[in-house]
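> structure of the sequence below:
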Amino acid sequence: MNPLPHDVWFTEVFDSHGSAFSLKVSEKLLDVQSPYQHLEVYATDTYGNLMVLDGCVMLTDRDNFLYHEMIAHPALFTHQDPKRVVIIGGGDCGTLKEVLRHPGVEHVTQIDIDKEVTKAAERFFPALVASNNDSRAELLFADGVKWVDDAADESIDVLIIDSTDPVGPAEGLFKTDFLTRCHRILAPGGVMVQQSESPLYHSGTIIRELRHDMREAGFNSVATLPFPQPVYPSGWWSVTLAGKETDVNYFREEAAADHEMPLQYYTPDTHRGALVLPPFMRNALA
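Okay, here's the model as predicted:
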C-alpha cells in the first residue's frame, strides 16, 4: 500500500485522438511488472478500485458491469443452447462470473496468459472472482492462441475474446488467421464475440477491419453492439459478434426477458437497441 499526496489524479492519455481520462486516486495498492505487462491497482475517490495495465485503464469497481455484461450475455442469448464456453483473456474473471450465471452452461474454460491479473483481482476485486470455485469453471494460465490451435474441431459453442487493446500480448487475437482457427473450433450454430474498441474512434479502422476479417475467416454473420463505458477512451465501447451457420442479429428474446439474473445493464431492450447502429457507424463500416 502506498498512500498518495492530496489531489493526485491517474490519467490515461489517448494521443492519437487528442483525449484523456482521469480519476482522482488516493492510494496505490499494487505495482507489479509481470513477464507480459505492467500491472497497477489504485484506490480512487469515486470509482472504487482501479486496475491499470501498461498505463491503460482496464476496469473499476464502479462501472465494470457494463463491459462484463455486454461481452457475455448478448453472445449467450444469441446462441440457441450454449453449453461449452471458452474465454480467451478475461483474467479479472468478471466475464467468467457473468457466463456462469447461465444455468444451462455446463463448462467454461478461461485461458489468460498472465496469472498476475487474476491474483490482483482476487486481492482487490473480490466480487469479480466470486464464481471462480464453481465446479463448471476451469482456469488456465497459458497462451490463448496456442490453446485454440490445440482445441478439437467443432468442440465449443461460444467463444469469448476478452482481450486488452490489439497491442502487446493481445495483438495476435485480432488477426485473420486466429479468427479462422476460432471458426474451426466452434460447432455449427456457434457464436464468437470479441471486444472491439471505441465506436467513436475506431469504427472506420479496428471495428471495420475486424468485421471484414471475421467474414474472411468463414463466419456468415456479424453484429457490432456499442454500449457506454465511462473509463475507456471516448466513454463508449463495443463488442462484435460473429456467427457460424447462425445469424447473430437475432437472439432468444423470451429467454433474455425471463431470466432471474441480478443484472445491472443488460436487458432484451438494451440488446435490441445495441443492434441498431447509428448512421455514422453504418457509414464508417460500409
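
> residue 257 and residue 268 touch, don't they?
Yes: with contact defined as C-beta atoms under 8 Å, residue 257 and residue 268 form a contacting pair (4.9 Å). In short, each C-beta sits where N, CA and C put it, glycine included.

> where in the protein is pLDDT low?
Within the chain, the segments meeting pLDDT under 70 span 1-2, 5, 164-174.

> give the contact list for the most centrally placed residue in it.
The residue lying closest to the centre of the chain (C-alpha atoms, centre = their mean) is residue 162, at 3.5 Å. Neighbouring residues of residue 162 by C-beta atoms under 8 Å, 6 or more residues apart in numbering: 71, 87-90, 95, 195.

> one more: residue 94?
59, 64-65, 67-68, 121, 125, 128.

> next helix or strand past whichever helix in the chain runs longest?
Looking across the chain with DSSP state H, the single longest helix is helix 64-78. With elements assigned by DSSP states H and E, the helix or strand that comes after helix 64-78 is strand 84-89.

> could you point out the longest strand in the chain?
strand 19-33 (DSSP state E).

> elements contacting that strand?
strand 2-14, strand 38-44, strand 49-53, strand 56-60, helix 115-124 (3 or more C-beta pairs under 8 Å, 6 or more residues apart in numbering; DSSP states H and E).

> now the element after the last one, going C-ward?
If I follow you right, that is helix 115-124. Using DSSP H and E, the helix or strand that follows helix 115-124 towards the C-terminus is strand 137-140.

> what lines up beside that following strand in the sheet?
Strand 137-140 has these partner strands in its sheet, going by DSSP bridges: strand 107-111 (parallel).

> quick check: bridge partners of the residue nearest to the centre of the chain?
Going by DSSP bridges, residue 162 forms beta bridges with residue 89.
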